[in-house]
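Q: Sequence first, then the predicted structure:
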Amino acid sequence: MKILTTLLYLSFTLILISCGERPADISDAKSYRNKSLSFKYPGNWTVTGDSDFEDFQNLFIETSAEGIVILQAYPLENAQSHEDFAKAFSASTIDSMPIGNIVDSKFEINESTSPNKINETFSIELFSEKIPHIRKYVMKDFPKQRCFLILQITSKDEAKAIKGFELIQSSLKFVN
């Protein structure tokens, strides 16, 4: 019975993964604005959470399938460096995985050729299957805020989401 349950769960997981990402619909972009920031995002993506604390803002945007964009903003004087943030964020996800494990994490940090951009490749291992993923970390400074944008998506779907991520990045403004 346990084997059957495991096989059913694995089959369901593989079906979800195989559905795949639809390309980011930037031709029908939506606008988002709260009390301190604004940006545009693809029409087929959804803002699913916005938390504004005294010294920290956290916002989630889900892509059309399993990808996610996370925006975190801090007062400039309290913000970590780009590299420290990326490594701390990665470490926190390892500890908080509800199922599966994050393995094979590697950072590509080359601030001289790609300023303010860091890539992390890793796999999520579930039932001995490894699903390759990528995280793109972008740092954007404003007069009083430092914003980190993170795209996390399966490696095979990166090309379908990158234009949407770039739309958010290029249109992000602090309005406060």
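A: Perfect, thanks for sending it. Residues are numbered from 1 along each chain as shown.
Q: can you give me the helices in the protein?
A: 2-19, 82-95, 158-171 (DSSP state H).
Q: Kindly provide the whole-number mean pLDDT of stretch 118-127.
A: When the per-residue pLDDT values of stretch 118-127 are averaged, the result is 91.
Q: mind saving the C-alpha coords of it as PDB?
A: What follows is the C-alpha trace of stretch 118-127 in PDB, where atoms were taken according to Å, rounded to 0.1, in the frame of the first residue of the first chain:
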ATOM      1  CA  ILE A 118      23.500  36.600  -9.500                       C
ATOM      2  CA  ASN A 119      22.400  33.200 -10.800                       C
ATOM      3  CA  GLU A 120      22.000  30.100  -8.700                       C
ATOM      4  CA  THR A 121      21.400  26.600 -10.200                       C
ATOM      5  CA  PHE A 122      20.200  23.800  -8.000                       C
ATOM      6  CA  SER A 123      18.000  20.800  -8.100                       C
ATOM      7  CA  ILE A 124      15.000  19.800  -6.100                       C
ATOM      8  CA  GLU A 125      15.300  16.100  -5.300                       C
ATOM      9  CA  LEU A 126      12.000  14.200  -4.700                       C
ATOM     10  CA  PHE A 127      11.800  10.400  -4.600                       C
END
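Q: which parts of that stretch are buried?
A: Along stretch 118-127, these residues count as buried under the neighbour rule (16 or more other Cβ atoms under 10 Å): 118-120, 122-124, 126. The C-beta positions use only the backbone N, C-alpha and C, and glycine is treated the same way.
Q: Also stretch 56-76?
A: Across stretch 56-76, burial judged by 16+ other Cβ under 10 Å covers 57, 59, 61, 63-74.
Q: ok, Ile26 - contacts?
A: Remark: with contacts taken as Cβ atoms under 8 Å, 6 or more residues apart in numbering, Ile26 is in contact with 42-43, 163-164, 167.
Q: 7 Å - rerun?
A: Contacts for Ile26 were tallied using Cβ atoms under 7 Å, 6 or more residues apart in numbering; they are 42, 163-164, 167.
Q: can you check Gly20 too?
A: For Gly20, the residues meeting the contact criterion (Cβ under 7 Å, 6+ apart) are 65, 157.
Q: per-residue confidence for it?
A: Turning to Gly20, the model gives it a pLDDT of 73.
Q: Likewise for the one 4 residues further on?
A: We note a pLDDT of 93 for Ala24 in this prediction.
Q: Tell me how many other residues crowd the closest residue to it other than its chain neighbours.
A: Spatially, and ignoring its direct neighbours in sequence, Ala24 is nearest to Gly164 (2.9 Å; Cβ to Cβ, 6 or more residues apart in numbering). Each residue near Gly164 was counted by other Cβ atoms under 10 Å, and the total is 27.
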